[in-house]
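Enquirer: Predicted model follows, preceded by the sequence.
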Amino acid sequence: QKEVEQNSGPLSVPEGAIASLNCTYSDRGSQSFFWYRQYSGKSPELIMFIYSNGDKEDGRFTAQLNKASQYVSLLIRDSQPSDSATYLCAVSGDSGAGSYQLTFGKGTKLSVIP
Amino acid sequence: SQTIHQWPATLVQPVGSPLSLECTVEGTSNPNLYWYRQAAGRGLQLLFYSVGIGQISSEVPQNLSASRPQDRQFILSSKKLLLSDSGFYLCAWSGGSGTGVISPLHFGNGTRLTVT
């Protein structure tokens, strides 16, 4: 059973601070990693994806991947109240017969306090 | 640009009634298509995925079925709904995938289904 673990939170950070969201996964063969943002009552929205070890930056967002430790994180710099949402980590895995699908974590709820 | 349409947005159905949810994608060809369900307080659960017309793979045994009658159309159905079928149903598409590498999934706006 492939697992993706996230701290459910809530994670509260003051406006302007750095929010750090973490995710661990069980499948060592995973090669694709995604972060989605989901506002309450809405569908998930892709924020970032990363395939290689290291950091990937896009605006205020940085994804960090460490395959040896089976760990992926998302940093949000200069956090804004509009960043308040649930953040979902998704990791690829072999579902059989060479088919690769995503397993989602249950999400971390982030609250940015003005 | 690619867009994904999913309808209806909300649905209230009695137990034992049939279900049909539809999803269409524009602006791309031969997409991979997915149906996910998100139950209250739970993570996203993959129900079905399709890599082409008529090709459906089921991830979870249940009373739901899926069909892909056209390249960019994906339908989720049930003959008789159960209370446990309540949830937020999400259609998604992605581009082609390589070995072990998955293209990002893009979700529709979802259908909130309540079975009473």
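Expert: Structure received.

Enquirer: Could you list the low-pLDDT ranges of chain A?
Expert: Low-confidence segments of chain A (pLDDT under 70): A:1, A:95-99.

Enquirer: switch to 80 and redo it
Expert: Where chain A drops to pLDDT under 80, the residues are A:1-2, A:94-100.

Enquirer: and the lengthiest strand in it, does that touch chain B?
Expert: Secondary structure of chain A per DSSP state E: the longest strand is strand A:85-96. Yes. Contact of strand A:85-96 with chain B (C-beta under 8 Å from any C-beta of the partner chain) involves A:Leu88, A:Ala90, A:Ser92, A:Asp94, A:Ser95. Where you see a C-beta, it was placed from the backbone N, CA and C, and this is true even at glycine.

Enquirer: Pull out the buried residues from that strand.
Expert: By neighbour count on 16 or more other C-beta atoms under 10 Å in any protein chain shown, the buried set for strand A:85-96 is A:Ala85, A:Thr86, A:Tyr87, A:Leu88, A:Cys89, A:Ala90, A:Val91, A:Ser92, A:Gly93, A:Asp94, A:Ser95.

Enquirer: For A:Pro10, list the residues it contacts.
Expert: By C-beta atoms under 8 Å, 6 or more residues apart in numbering or on different chains, the residues touching A:Pro10 are A:Lys109, A:Leu110, A:Ser111.

Enquirer: Could you tell me which residues of chain B lie near chain A?
Expert: B:42-44, B:46, B:49, B:57, B:59, B:90, B:97, B:99-102, B:104-110, B:112.

Enquirer: any idea how far B:Gly27 is from A:Leu65?
Expert: As defined by C-beta to C-beta, to the nearest Å, B:Gly27 lies at a distance of 30 Å from A:Leu65.

Enquirer: The two: who's more crowded?
Expert: A:Leu65 (19 against 11; other C-beta atoms under 10 Å in any protein chain shown).

Enquirer: Which strand or helix spans the more buried one?
Expert: Secondary structure assignment for A:Leu65, by DSSP states H and E: strand A:61-66.

Enquirer: Tell me which residues of that strand come out buried.
Expert: Neighbour count says strand A:61-66 has A:Phe61, A:Thr62, A:Ala63, A:Gln64, A:Leu65 buried, by 16+ other C-beta under 10 Å.
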